[in-house]
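Colleague: Model the following, please.
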Amino acid sequence: MTDDNHKNKKGFSGLSDLASEFKNIEDPISLETNKSAEFQKSEQNNQLKQERVHEPNSASPTQAKNPIGSDKNANGSSGKWIIGIIGVIILLQLVPLINSRTQSISSTSHAPSPSSPTSSKPPSRTDDQSTPAGTLQSKPTPQFSLPAVTPPKNGELVVKANYTLVAPFEIRSQVGDNYLLKLTDVATGEDAMTVFVKGGQTVTTRAPLGRFVVKYASGSTWYGYEHLFGPKTSYSKADQIFEFKKNISSSAQSRLRDLRRKLSSADDNLRSFLISRKMTSKQASYIFDGTDSQTGESGVGRLPKTYWEQFLSKISNPSLYNEIVNKLNARNQISNQIVQLRNEEERIEGFTITLYKVQDGNLQTSQIGAGEF
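Modeller: Next comes the predicted model:
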């Protein structure tokens, strides 16, 4: 037993000595773990130095499996390094994404929103009264403050210079408001004349020949030709066109054609006779072909009596003088017959109208605006 105990002691002593010998030998597993940590730290530094970020491998770096019984501190240190490397890689990937997102937000904040433009937003009302939705608030109408003036006399005319009043024109009016009637030339669009008619009275006047539109303004208080009857002026226009013209019967027209042919033949005979008696072609052209610029009459008839008196005074031959006078009297006799026939048979068509503020059967009218008057 003593020997066995001694052997056992010796055996434990041997194990103890063996363990003391292993104390000075470094743990191979710890060495391997430390090497792996240093390698990972070197990899991290290289990764931070790179300017362009590469996608990491889906799998983490291969780690050496620790054998059973490895040191817990080494495993903890290694895990911290791995977590740190992964965090750095994720942070490097998020930086470009964050920068691009920040720029997008900045550019969007400076651009105006298309759905709600600030320029078209109406100003908010600050007063206590509010306008109902869908209604427009009208602007206040300016007050008319001009003084009234004395109206024109009944029948007062304002006629444009190039119009001659020849056609009969009678204007009656309804009792009440006064009227300013206007004739507008259809061909030129200009106003030929105006007539002031007092309510309940009649004006008998004349109108120029041609086709005209009848328009009139009515009211009670007169403010002059510029403002007429003020803001309460009513404007009307006749629906029909009024044509003032000359008419003649068909039988009278036939007689006129015959007389005009005789007059033309008499002028031709007189012209030939004067040229045969040494009259120049220039003188003959002036007498028989010229036209009066004012009356529009052409030929011999346009020349006044004084012209022929001067012309005959220069003829010393009595026979020639008498022959010219006879031919002139013959053509003048035909010309006088034409004038007499036209005066007897020709009639100038006129009109009689009655002005009402309300449309009446005598004159069909339509309401118009001030700008159309």
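Colleague: quick one: the helices in the stretch 151-300 of the chain?
Modeller: Here the stretch 151-300 of the chain has its helices, by DSSP state H, counting those that start in this stretch, at 250-276, 281-289.
Colleague: how about the residue nearest to Phe373 when sequence neighbours are not counted, what does it touch?
Modeller: Computed as Cβ to Cβ, 6 or more residues apart in numbering, the closest residue to Phe373 that is not its neighbour in sequence is Tyr235, at 4.8 Å. In this view, the C-beta of every residue, glycine as well, is placed from N, C-alpha and C. Under the criterion of Cβ atoms under 8 Å, 6 or more residues apart in numbering, the contact list for Tyr235 reads 215-217, 367-370, 372-373.
Colleague: What remains of those if I keep only buried residues?
Modeller: 215-217, 373 (16 or more other Cβ atoms under 10 Å).
Colleague: what mean pLDDT does stretch 87-105 have?
Modeller: The pLDDT scores in stretch 87-105 average 66.
Colleague: for stretch 202-210, same thing?
Modeller: Confidence over stretch 202-210, taken as the mean pLDDT, stands at 95.
Colleague: List of residues touching that stretch?
Modeller: Residues outside stretch 202-210 that contact it (Cβ under 8 Å, 6+ apart): 154-155, 157, 163-173, 183, 185-187, 192-193, 195, 197, 243-246, 348, 350-351.
Colleague: again, but for stretch 214-224
Modeller: For stretch 214-224, the external contacting residues (Cβ under 8 Å, 6+ apart) are 146-152, 176-184, 228-230, 232-238, 242, 353, 355, 357, 363, 368, 372-373.
Colleague: Give me the distance between Ser293 and Arg302.
Modeller: In this structure, Ser293 and Arg302 are 10 Å apart, going by Cβ to Cβ, to the nearest Å.
Colleague: Settle it for me: which of these two has more neighbours?
Modeller: Neighbours of Ser293 and Arg302, each counted by other Cβ atoms under 10 Å, are more numerous for Arg302; the result is 16 against 7.
Colleague: Give the buried residues for the strand ranked longest in the chain.
Modeller: In the chain, taking DSSP state E as the definition, the longest strand is strand 234-247. Using 16+ other Cβ under 10 Å as the burial criterion, the residues of strand 234-247 that qualify are 234-238, 242, 244.
Colleague: Same check on stretch 175-195?
Modeller: Per 16+ other Cβ under 10 Å, stretch 175-195 contains these buried residues: 177-185, 191-195.
Colleague: end-to-end on it?
Modeller: Taking Cα to Cα, to the nearest Å, stretch 175-195 runs 17 Å from one end to the other.
Colleague: Could you list the domains of this protein?
Modeller: The chain is divided into the following domains under automatic domain parsing: 2-61+70-95, 157-247+350-372, 250-345.
Colleague: from the buried ones among the contacts of Tyr235, which is closest to Lys278?
Modeller: Proximity of the buried ones among the contacts of Tyr235 to Lys278 was ranked by Cβ to Cβ; the top entry is Lys215 with 61.3 Å.
Colleague: how about the strands in this protein?
Modeller: The residue ranges that make up the strands of the chain, judged by DSSP E, are 157-159, 165-173, 178-185, 191-197, 202-208, 210-219, 234-247, 347-349, 351-355, 365-367.
Colleague: Now do the first one, average pLDDT.
Modeller: In other words, strand 157-159. With pLDDT averaged residue by residue, strand 157-159 scores 95.
Colleague: what's the answer for the second one, then?
Modeller: Along strand 165-173, the predicted local confidence has a mean pLDDT of 94.
Colleague: What helices and strands are in contact with it?
Modeller: Packed against strand 165-173 by the contact rule (3 or more Cβ pairs under 8 Å, 6 or more residues apart in numbering; DSSP states H and E) you find strand 191-197, strand 202-208, strand 234-247, strand 347-349, strand 351-355.
Colleague: List the residues that contact Gly369.
Modeller: Residues in contact with Gly369, defined by Cβ under 8 Å, 6+ apart, are Tyr235.
Colleague: Quick check: it vs Ile324, distance?
Modeller: For Gly369, the distance to Ile324 (Cβ to Cβ) stands at 65 Å.
Colleague: roughly how far apart are the residue lying closest to Gln283 once chain neighbours are set aside and Asp292?
Modeller: With sequence-adjacent residues excluded and distances taken as Cβ to Cβ, 6+ apart, Gln283 is closest to Leu274, at 7.8 Å. Going from Leu274 to Asp292 by Cβ to Cβ gives 20 Å.
Colleague: pLDDT weak spots in this structure?
Modeller: Applying pLDDT under 70 to the chain picks out residues 1-79, 95-142, 294-296, 357-362.
Colleague: Double-check Arg172 against Leu363; I have them as touching.
Modeller: No - no contact is recorded between Arg172 and Leu363 when judged using Cβ atoms under 8 Å, the distance being 9.8 Å.
Colleague: Give me the common contacts of the two.
Modeller: Common neighbours of Arg172 and Leu363 (criterion: Cβ under 8 Å, 6+ apart): 353-355.
Colleague: Can you tell me which of these has the most neighbours?
Modeller: Within the shared contacts of Arg172 and Leu363, neighbour counts (other Cβ under 10 Å) peak at Leu355, which reaches 24 neighbours.
Colleague: ok, now which ones touch it?
Modeller: The contact partners of Leu355, taken as Cβ under 8 Å, 6+ apart, are 171-174, 179, 181, 197, 216, 218, 363.
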